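Q: predicted model and sequence below, questions to follow.
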Amino acid sequence: MSRKPRAKGRPAPAPGEIEGLTPLEALAEMQRLDAEIARHDLLYHQKDAPEIDDAAYDALRRRLDAIEAAFPGLRSPSAKGGKVGAAPAGGFAKVRHGAPMLSLDNAFSAEDVGEWLKTLRNFLKELRDAPETPVELVCEPKIDGLSLSLLYEDGVLVRGATRGDGETGEDVTANVRTIGEIPVRLDGRPVPRRIEIRGEAYMRRTDFLALNEAQEKAGKPRFANPRNAAAGSLRQLDAGVTASRPLHFFAYTFGACDDASRPKSQWDFLGDLKSWGFSVNPESRLAGTSADALAYHRDIGAARAALPYDIDGVVYKANRVDWQDRLGVAGRAPRWAIAHKFPAEQAETKLLAIDIQVGRTGSLTPVARLAPITVGGVVVANATLHNEDEIARKDVRVGDAVIVQRAGDVIPQIVKVVADRRARGAKAFVFPVRCPICGSPAEREAGEAVRRCTGGLGCPAQAVERLRHFVSRDAFDIEGLGEKQIQEFWDAKLVREPADLFALEKKNAALNPPLEAREGWGEVSTRNLFTAIAARRKIALDRFVFALGIRRIGQANARLLAKTYGSLDCLLAQLREAENRDSEAWRDLNAIDGVGEALAEALVGFFVSKANRAIVERLAKAVEVEDFVRPAEGSPVAGKTVVFTGTLVTMTRNEAKARAEALGAKVAGSVSSKTDYLVAGSDAGSKLAKARAAGVDVLSEAEWTKLIGG
């Protein structure tokens with residue numbers, strides 16, 4: 001399976017890992033993590049050229065989860081709203097999956113698995129009320145290959161697609177047909193009329209070594225690892241190249257499927273797959289208890305080296321499909337499954353220097369420059385130090401011998417100093433009180449761990465970082481615009497704000513010399529850039545909001561705002577009204593489930609600035625911002641605002657909210673004039689009284705269940 005987001009069970013952070021962070025600092029770290037994870041997603045899923053291995057990538061996600069666990073009132077920008085993988089690359093037709101190709105949350109210990117199971121039990125009322133009820137788990141080795149979705153109609157393979165961003169992938173049907181373990185026609189047990197089969201294309205170690213040897217003899221570049229080799233082989237425009245490569249495939253689950261054909265259990269479905277002619281991992285097991293599942297993890301870990309393919313953990317899935325349906329999805333990951341990963345590695349090296357980087361919101365972040373060291377097969381030369389308090393807490397000094405773990409923040413982290421190897425006279429690091437880029441005072445507000453440059457957009461570093469964020473994968477996703485290009489355009493005074501990017505082609509006609517005549521550019525690369533920019537003149541509302549780089553507004557919150565307000569005009573109008581803290585618009589903003597006062601203040605505060613409003617208005621004129629498309633438009637509650645209160649009998653509150661959102665409803669945390677329904681369980685309190693006073697439709701749990709169709 002491909003890389004997965006964060007740990008599901010909100011694992012307890014390592015001792016000292018989170019302590020000392022304030023909420024504001026935690027949010028800053030979340031933003032930095034989100035940007036780095038997005039960059040690695042692009043390298044991994046689209047470019048097939050990862051810079052870090054799965055252990056380091058998992059560590060980035062784990063750090064993000066640990067921060068969220070320590071600050072439960074904050075929502076991580078990528079943990080629950082991020083796209084899976086990366087946008088499809090050029091060269092293949094784009095196809096939309098019948099059901100999203102979800103990612104998996106991660107667990108790193110038995111305790112994490114226990115927390116996941118606890119969450120699962122608390123979500124389903126019958127499990128919460130009867131803790132002795134066993135939860136069967138299907139256990140499978142977690143192979144790091146290329147995820148595929150195979151669409152069969154009347155038993156015939158009609159399409160093969162890569163994961164892409166989880167919603168849309170690349171059509172690789174011709175290449176898929178060359179893999180012998182993928183049947184072109186399904187035989188055996190009754191076959192659904194229409195079904196998506198999900199699985200992993202991979203390459204065995206011996207085949208990988210032989211392929212690299214052949215590549216070297218032919219004077220071609222070697223592949224970094226079996227996963228890269230499998231991905232590079234499958235994503236060939238010439239299917240003949242794919243046919244010449246030794247690819248294999250394990251099928252393991254389903255996506256879109258006729259309701260009448262849905263299996264009753266995951267284990268039964270593996271049997272269906274084998275009957276239809278698919279290869280199913282022979283190491284898969286059905287565990288009756290969590291203890292059995294953990295024993296399986298230990299056994300597979302011990303046998304890891306003897307397997308013919310690379311694995312980095314185990315996947316657990318709730319066996320009952322009806323439970324899977326009810327548990328649903330949290331963000332971009334199913335609640336009913338989790339990946340139990342193997343641990344990361346550590347190594348010792350020397351700290352050569354501490355540099356200060358300035359982020360798009362002015363945060364000053366210390367980065368350790370290290371004597372290069374190989375950790376888990378990858379060379380590490382940089383590590384995060386988080387903030388000045390972290391430096392002081394660990395007493396990190398230039399010249400120290402340090403233990404580095406490929407885990408942590410933006411880059412691998414320093415775990416500790418080897419104190420008995422410190423040189424005499426080593427001086428404590430003095431954190432700067434001025435921005436190293438623009439010289440403005442770097443202030444640290446009371447209660448905050450982050451020191452920030454006060455130069456605002458007058459600070460070149462902040463302006464450039466905002467532009468980099470704007471073009472990033474989960475924002476406008478403009479291919480060919482990376483750090484180097486943004487810096488080049490900034491230095492040449494061609495781009496100062498996002499709208500300038502969409503005038504770049506027109507400006508280029510008057511440049512002397514034009515872009516295509518400058519070093520590092522050519523006619524093809526220039527044309528491709530302008531084509532990529534033009535392709536983003538139409539943008540979804542949630543991406544537009546996220547791209548603005550507003551503090552506290554990550555992907556999940558951007559989508560929440562888009563879902564609530566529907567259009568850019570409505571959002572801007574309501575935020576203007578919300579500047580009055582006594583207005584209904586302000587109360588409505590705070591009533592959105594998942595939006596707190598701190599986030600509301602950051603959002604409204606951004607638009608209070610005339611300069612920010614002008615930037616947004618100029619950008620809105622340069623692009624077309626699409627209204628939010630609500631899912632399940634055919635449901636009776638699509639677009640309705642619902643508030644739940646009191647104790648529910650047939651389901652937990654979390655399950656009720658998840659089901660309402662899946663049907664296209666907006667779930668709010670408090671009653672307002674925008675509330676359409678209040679669903680009142682037993683012991684309903686002040687919300688019920690307020691709803692009745694406001695004339696809101698009040699439904700019992702039974703009435704709500706009848707309304708949504710049971």
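A: Structure's in. What do you need? All values reported here derive from a predicted model rather than from experimental measurement.
Q: show me what counts as buried in stretch 363-372.
A: Neighbour-count burial for stretch 363-372, counted by 16 or more other CB atoms under 10 Å, picks out 363, 364, 365, 366, 367, 368, 370. (C-beta placed from N, C-alpha, C; glycine too.)
Q: cool, and stretch 129-142?
A: 135, 136, 137, 138, 139, 140, 141, 142.
Q: quick check: the farthest pair among these?
A: Using CB to CB, the pair of the buried residues of stretch 129-142 lying farthest apart is 135 and 141, separated by 20.4 Å.
Q: for residue 462, pull up the helix or strand it's in.
A: Element membership for residue 462, per DSSP states H and E: helix 460-470.
Q: quick one, helices of the stretch 401-550 of the chain?
A: For the stretch 401-550 of the chain, the helices defined by DSSP state H, counting those that start in this stretch cover 460-470, 483-491, 498-501, 504-508, 523-534, 541-547.
Q: looking at these, which is buried most?
A: helix 541-547 (a mean of 23; mean count of other CB atoms under 10 Å).
Q: and that helix, average pLDDT?
A: Across helix 541-547, pLDDT averages out at 93.
Q: what does stretch 449-467 give?
A: Per-residue scores along stretch 449-467 average to 85.
Q: now swap in stretch 176-195 and tell me
A: Mean predicted confidence for stretch 176-195 is 91.
Q: what's the answer for stretch 375-386, then?
A: On average, the pLDDT along stretch 375-386 is 78.
Q: cool, stretch 146-155 as well?
A: Here the average pLDDT along stretch 146-155 is 94.
Q: and for residue 708, the neighbour number?
A: Residues lying near residue 708 (other CB atoms under 10 Å) number 17.
Q: so who does it touch?
A: Taking CB atoms under 8 Å, 6 or more residues apart in numbering, we find residue 708 in contact with 635, 636, 637, 659, 660, 663.
Q: secondary structure element for the fourth one, which one?
A: When elements are assigned from DSSP H and E, residue 659 belongs to helix 653-662.
Q: packing partners of the next helix or strand after that helix?
A: As assigned by DSSP H and E, the chain's next helix or strand after helix 653-662 is strand 666-667. Secondary-structure packing of strand 666-667 (3 or more CB pairs under 8 Å, 6 or more residues apart in numbering; DSSP states H and E): strand 641-645, helix 653-662.
Q: sort out which residues of the longest one are buried, please.
A: For helix 653-662, the buried set under the neighbour-count rule, 16+ other CB under 10 Å, comprises 653, 654, 655, 656, 657, 658, 659, 660, 661.
Q: residues contacting the third one?
A: Meaning residue 655. 123, 124, 125, 326, 327, 328.
Q: nearest to residue 289 among these?
A: So of these, ranked by how close each gets to residue 289 (CB to CB), first place is residue 124, at 17.1 Å.
Q: so the closest one sits against residue 327, correct?
A: Yes - between residue 124 and residue 327 there is a contact at 7.0 Å, judged by CB atoms under 8 Å.
Q: which parts of this protein belong to which domain?
A: 106-341, 346-443, 458-629, 641-707 (automatic domain parsing).
Q: all helices of the stretch 551-700 of the chain, in order?
A: So, for the stretch 551-700 of the chain - with DSSP H, counting those that start in this stretch - the helices run 555-565, 568-577, 584-591, 597-608, 610-622, 653-662, 686-694.
Q: so which elements touch the last one?
A: Same thing as helix 686-694. Applying 3+ CB pairs under 8 Å, 6+ apart, we find helix 686-694 packed against strand 641-645, strand 677-680, strand 697-700.
Q: adding mean neighbour count, distance to residue 341 and mean pLDDT, write these out as JSON lines.
A: Shown next, in JSON lines, are those (neighbours: other CB atoms under 10 Å; distance: least, CB to CB, whole Å; pLDDT from 0 to 100):
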{"stretch": "strand 641-645", "mean neighbour count": "24", "distance to residue 341": "35", "mean pLDDT": "92"}
{"stretch": "strand 677-680", "mean neighbour count": "24", "distance to residue 341": "38", "mean pLDDT": "94"}
{"stretch": "strand 697-700", "mean neighbour count": "16", "distance to residue 341": "43", "mean pLDDT": "92"}
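Q: save those strands as a markdown table, and put in distance to residue 429 too.
A: A markdown table is the format used below for those (distance: least, CB to CB, whole Å):
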| stretch | distance to residue 429 |
| --- | --- |
| strand 641-645 | 50 |
| strand 677-680 | 55 |
| strand 697-700 | 60 |
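Q: so, low pLDDT: which residues of the stretch 551-700 of the chain?
A: 630-634 (pLDDT under 70).
Q: can you name the residues that contact residue 227?
A: 144, 145, 146, 202, 203, 310.
Q: let me redo that: residue 481
A: So residue 481 contacts 471, 501, 529, 532, 533 (CB under 8 Å, 6+ apart).
Q: at 6 Å what do you get?
A: Residue 481 makes contact with residue 471, according to CB atoms under 6 Å, 6 or more residues apart in numbering.
Q: what about it, distance to residue 200?
A: 32 Å (CB to CB, to the nearest Å).
Q: I'd assumed residue 358 was in contact with residue 436.
A: No - here residue 436 does not reach residue 358: they are 7.0 Å apart, not a contact under CB atoms under 6 Å.
Q: and stretch 111-129, average pLDDT?
A: 94.
Q: if we can go back for a sec, which two among the contacts of residue 655 are spaced furthest apart?
A: Of all pairs in those, the most separated under CB to CB is 125 and 328 at 14.4 Å.
Q: in the stretch 201-350 of the chain, which spans are helices?
A: Going by DSSP H, counting those that start in this stretch, the stretch 201-350 of the chain shows helices at 205-217, 226-234, 239-243, 266-276, 290-303, 321-327.
Q: ramachandran angles for residue 520?
A: Main-chain torsions, residue 520, degrees, to the nearest 10: phi 90, psi -10.
Q: scratch that, residue 502
A: According to degrees, to the nearest 10, residue 502 has phi -80, psi -10.
Q: then residue 168?
A: phi -130, psi 130.
Q: give the burial count for it, as a bare number.
A: When neighbours are counted by other CB under 10 Å, residue 168 registers 18.
Q: any idea how far residue 150 lies from residue 249?
A: 9 Å.
Q: residue 476: what's it in contact with?
A: Contacts of residue 476 by CB under 6 Å, 6+ apart are 470, 536, 547.
Q: ok, now which ones touch the residue nearest to residue 525 when sequence neighbours are not counted?
A: Excluding its sequence neighbours, the residue lying closest to residue 525 (CB to CB, 6 or more residues apart in numbering) is residue 480, at 7.2 Å. Neighbour list for residue 480: 528, 529, 532 [criterion: CB under 6 Å, 6+ apart].
Q: mind putting those residues into a markdown table with pLDDT and distance to residue 543?
A: Output for those, formatted as a markdown table (pLDDT from 0 to 100; distance: CB to CB, whole Å):
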| residue | pLDDT | distance to residue 543 |
| --- | --- | --- |
| 528 | 90 | 21 |
| 529 | 93 | 19 |
| 532 | 91 | 15 |
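Q: just the closest of those residues to residue 505, please.
A: residue 529 (8.6 Å).
Q: quick one: the nearest residue to the closest one once chain neighbours are set aside from residue 535, how far?
A: Excluding the flanking residues, the one nearest residue 529 by CB to CB, 6+ apart is residue 480, at 4.7 Å. Distance of residue 480 to residue 535, given as CB to CB: 11 Å.
Q: still on that earlier bit, just want the angle from the helix holding residue 659 to strand 641-645.
A: 170 degrees (axes from the mean of the first three to the mean of the last three CA atoms, to 10 degrees).
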